[in-house]
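*Asks:* Sequence first, then the predicted structure:
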Protein chains: 2
Amino acid sequence: MSARNVFYAQSGGVTAVINASACGVIETARQHPEFGTVYAGRNGIIGALREELIDTSTQSDATIAMLRHTPAGAFGSCRYKLKSVAQNRAEYERLLAVFKAHDIGYFFYNGGGDSQDTANKVAQFSQQMHFPITCIGIPKTVDNDLPITDTCPGFGSVAKYVAVSIREAGLDVASMCESSTKVFVMEVMGRHAGWIAGAAGLAAEQEGDAPHLIVFPEIAFDKTAFLAKVQESVVKYGYCAIVVSEGAHYADGTFLAEAGSKDAFGHTQLGGVAPFLAALIKQELGYKYHWAVSDYLQRAARHIASKTDVEQAYAMGKAAVEFARAGKNAVMPTIVRDGVHPYRWSVGEAKLSDVANVEKKMPRDFISADGFGITAKAREYFAPLILGEDYPPYANGLPCYARLQHTLAPKKLPLWNQ
Amino acid sequence: MSARNVFYAQSGGVTAVINASACGVIETARQHPEFGTVYAGRNGIIGALREELIDTSTQSDATIAMLRHTPAGAFGSCRYKLKSVAQNRAEYERLLAVFKAHDIGYFFYNGGGDSQDTANKVAQFSQQMHFPITCIGIPKTVDNDLPITDTCPGFGSVAKYVAVSIREAGLDVASMCESSTKVFVMEVMGRHAGWIAGAAGLAAEQEGDAPHLIVFPEIAFDKTAFLAKVQESVVKYGYCAIVVSEGAHYADGTFLAEAGSKDAFGHTQLGGVAPFLAALIKQELGYKYHWAVSDYLQRAARHIASKTDVEQAYAMGKAAVEFARAGKNAVMPTIVRDGVHPYRWSVGEAKLSDVANVEKKMPRDFISADGFGITAKAREYFAPLILGEDYPPYANGLPCYARLQHTLAPKKLPLWNQ
């Protein structure tokens, strides 16, 4: 069997560990002669359509090894979802043309549910067109919403970041509350599900610990109950540290973040549920507040990544290549939880058709009865995902992250016009 | 000479390393018989007025050692500035009564310029009242605005946090910019001076690195120049990562953060210059944006503290006690920069009267000619302050920070009514 080339692409919002998956793919492929050159899509799948293929073979083993500790997407990612074949056949034909032109036999697509769907469609279409491509998905999403897999690489590191951050900020507020700030609100990602907000709850290990309140997108916001809980915390502990999901909303579905806050130009302000809640508390209870919105900082925070997450991200990339070697197709490696005390995990396998477009919701029984905290069951699920530290190397006081030159393979096809 | 007791208090906004100074004070005092019990003010100087003295002798050496890696104020801090003796003599008399009642011979005040002023006044007043207290200041402020000392403990760790954060978030935006977010704005602390914003500039080591733009409070905001620079960055690098000081303002002194943004209740929103700038860019240039406000996260981030900063914070606490042993009074230890390549520093000394109420501004020649970046001179100043990592221990994936029980000394005086 002669070697065929590999196309790897990163998709959607990037994470602190998606490059660890890339590292797993490239390092593993380099070990086996059936894989030729590993190309990476410049800016994800857009790079395939534009025939912008980054030739990773120009990178030394040492540089590739650095990907393991480099956050964000080293090859560029994109928000670009391929439509169905029926809706946009031209795109699939173009993909296949590029793959043919560069003798691509393997397509590894590193992303969330949409990406797994695309990988599945490419697998089917390439079969139909008699140029079969082995398509393997690699799970990635800070949202932790892929089905079947126990967790998604990227999530554990955000979980660790938010738990560490609210612990630290909580201590700060506790120090100041006697004469100054009494309420602190930290906004975290998670538009549709409260996985990230819930994980922040790990910081509270003893009575009175921050966070004292979590506002989930799974629970319709109840202003009265919320304010009562804030007041209770301030009375009891002297302060209140709150974690709120960006997706927090009212019973009618309106996001809190859109509930009337206007920017300087009179536009309804998107984002910013933390300042909204802080202002609400000030208005109704009169407490002095501070708020924080971590935004990209939380998902890019490789400096405080979870070792477990890094290892799983790498393992998913490695497994994808091993699956391809074993002749598998249209599948995605998964993380299987084999034990809790102590935590053990292994690599499993899911069909892309079972993964695509299925969103895993956080179970209701992860959220406490009052709707503002996490249960023991949630804690048991989240706890192992943040275990271990995996610090990047530093120089001059700053983390050393890989800087990849994007050396493109020479183009062989006409420009893609679309 | 019989032992006399110590009163130590934390003042103003807390930092990632103020407890390292506390650790330096307590560990050093424990080594020398002339110091009796070290009491810490519960919630800073308020604890002295209320006669709420935390008896640190009830804490084991191991617990005190943990203070070195615990952020925020373990004994509580406060925002409470003593007025002048003429304006409020009763407060000074109360302080002295509490000090007498508990045989306090040494007062160590860990704070910024206001606190050094207070320590100086207490030194003078106690002399006048024939109950001399040795008063030593210990520098602390993330704002880096104390004079004489080369830097202030607390600043180096915030500097490291913001530089690491903008490097990581910058990589994230670079990954996404082809099809999504093109502009990222990170707001940092520094209402009056751009020290923190400037330090974030350390992240940019090569052409094109984030941050591409820094908005300083030292430079009146020029909308046209700013927008031109943002556009230039997006055209040249594909994206633009911006650091803005919370104190950024127009030529007339109006803070950008107050420039018309309204909360959901119609109140002018305080804070939030990042969302303001992001909205401005969207309005004028149409770029998709994200923004972050780290707020307390930046100054509480002990998990990514600067080793240099931790060592200096500890050294300042230790030196304060050694100054007291040496019979000094109304002074503050300082950090003296002895060399740049390699960085060397030692402990110096300043009179409290020279420190009190003098604000050190960031020199204009730290800011590039166009007003949106830092100069080589600034880089040389900032660079050593973020050197080294000093990770706290972890358990269950989270940093182990000290939890001090506040065991109060029995009260001996009537309640303080004010």
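*Replies:* Here it is on my side, so go on.

*Asks:* quick one: buried residues of stretch A:240-254?
*Replies:* By 16 or more other C-beta atoms under 10 Å in any protein chain shown, the buried positions in stretch A:240-254 come out as A:240, A:241, A:242, A:243, A:244, A:245, A:246, A:247, A:248, A:249. Bear in mind the C-beta positions are built from the backbone N, C-alpha and C, glycine included.

*Asks:* of all those, which comes closest to chain B?
*Replies:* Within the buried residues of stretch A:240-254, the smallest distance to chain B is 9.6 Å, found for residue A:241 (C-beta to the nearest C-beta).

*Asks:* okay but that closest one is in contact with residue A:168, surely?
*Replies:* No - using C-beta atoms under 8 Å as the test, residue A:241 is too far from residue A:168 to be in contact (10.3 Å).

*Asks:* how about JSON lines for the buried residues of stretch A:240-254, with secondary structure, distance to chain B and pLDDT added?
*Replies:* As requested, the buried residues of stretch A:240-254 are exported to JSON lines (DSSP: H, G, I helix; E, B strand; the rest coil; distance: C-beta to the nearest C-beta, whole Å; pLDDT from 0 to 100):
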{"residue": "A:240", "secondary structure": "strand", "distance to chain B": "13", "pLDDT": "98"}
{"residue": "A:241", "secondary structure": "strand", "distance to chain B": "10", "pLDDT": "98"}
{"residue": "A:242", "secondary structure": "strand", "distance to chain B": "13", "pLDDT": "98"}
{"residue": "A:243", "secondary structure": "strand", "distance to chain B": "12", "pLDDT": "98"}
{"residue": "A:244", "secondary structure": "strand", "distance to chain B": "14", "pLDDT": "98"}
{"residue": "A:245", "secondary structure": "strand", "distance to chain B": "16", "pLDDT": "96"}
{"residue": "A:246", "secondary structure": "coil", "distance to chain B": "11", "pLDDT": "93"}
{"residue": "A:247", "secondary structure": "coil", "distance to chain B": "16", "pLDDT": "93"}
{"residue": "A:248", "secondary structure": "coil", "distance to chain B": "13", "pLDDT": "95"}
{"residue": "A:249", "secondary structure": "strand", "distance to chain B": "14", "pLDDT": "95"}
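
*Asks:* Burial check on residue A:364, number of neighbours?
*Replies:* Neighbours of residue A:364 under the rule other C-beta atoms under 10 Å in any protein chain shown: 11.

*Asks:* Let me know the secondary structure of residue A:384.
*Replies:* Using DSSP: H, G, I helix; E, B strand; the rest coil, the structure places residue A:384 in helix.

*Asks:* burial measure for it, as a count.
*Replies:* 23.

*Asks:* surely it meets residue A:306?
*Replies:* No - the pair residue A:384 / residue A:306 is not scored as a contact, 9.3 Å apart, by C-beta under 8 Å.

*Asks:* Any stretches of the stretch 151-300 of chain A with poor pLDDT?
*Replies:* The stretch 151-300 of chain A contains residues with pLDDT under 70 at A:259-271.

*Asks:* can you tell if the longest helix along chain A touches chain B?
*Replies:* Longest helix of chain A, by residue count under DSSP state H: helix A:155-176. Yes - interface with chain B: helix A:155-176 contributes A:160, A:163-165, A:167-169, A:171-176 (C-beta under 8 Å from any C-beta of the partner chain).

*Asks:* to the chain's geometric centre, what's the distance from that helix?
*Replies:* Averaging C-alpha positions (C-alpha atoms, centre = their mean, to the nearest Å) puts helix A:155-176 19 Å from its chain's average.

*Asks:* Can you list the strands that the helix or strand following that helix pairs with?
*Replies:* Next in sequence after helix A:155-176, counting helices and strands by DSSP states H and E, comes strand A:183-188. Looking at strand A:183-188 with DSSP bridges, its partner strands are strand A:240-245 (parallel), strand A:289-293 (parallel).

*Asks:* can you give me the angle the longest helix of chain A makes with strand A:183-188?
*Replies:* For helix A:155-176 against strand A:183-188, the angle by axes from the mean of the first three to the mean of the last three C-alpha atoms, to 10 degrees is 170 degrees.

*Asks:* Helix A:155-176 packs against which elements?
*Replies:* Here helix A:155-176 touches strand A:183-188, helix A:195-200, strand A:240-245, strand A:289-293, helix A:296-300, helix A:307-325, helix B:296-300, strand B:398-399, going by 3 or more C-beta pairs under 8 Å, 6 or more residues apart in numbering or on different chains; DSSP states H and E.

*Asks:* so can I have JSON lines of the residues of helix A:155-176 next to chain B showing distance to residue B:377?
*Replies:* Listed next are the residues of helix A:155-176 next to chain B as JSON lines, based on distance: C-beta to C-beta, whole Å:
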{"residue": "A:160", "distance to residue B:377": "37"}
{"residue": "A:163", "distance to residue B:377": "39"}
{"residue": "A:164", "distance to residue B:377": "34"}
{"residue": "A:165", "distance to residue B:377": "33"}
{"residue": "A:167", "distance to residue B:377": "37"}
{"residue": "A:168", "distance to residue B:377": "32"}
{"residue": "A:169", "distance to residue B:377": "33"}
{"residue": "A:171", "distance to residue B:377": "35"}
{"residue": "A:172", "distance to residue B:377": "32"}
{"residue": "A:173", "distance to residue B:377": "37"}
{"residue": "A:174", "distance to residue B:377": "39"}
{"residue": "A:175", "distance to residue B:377": "35"}
{"residue": "A:176", "distance to residue B:377": "35"}
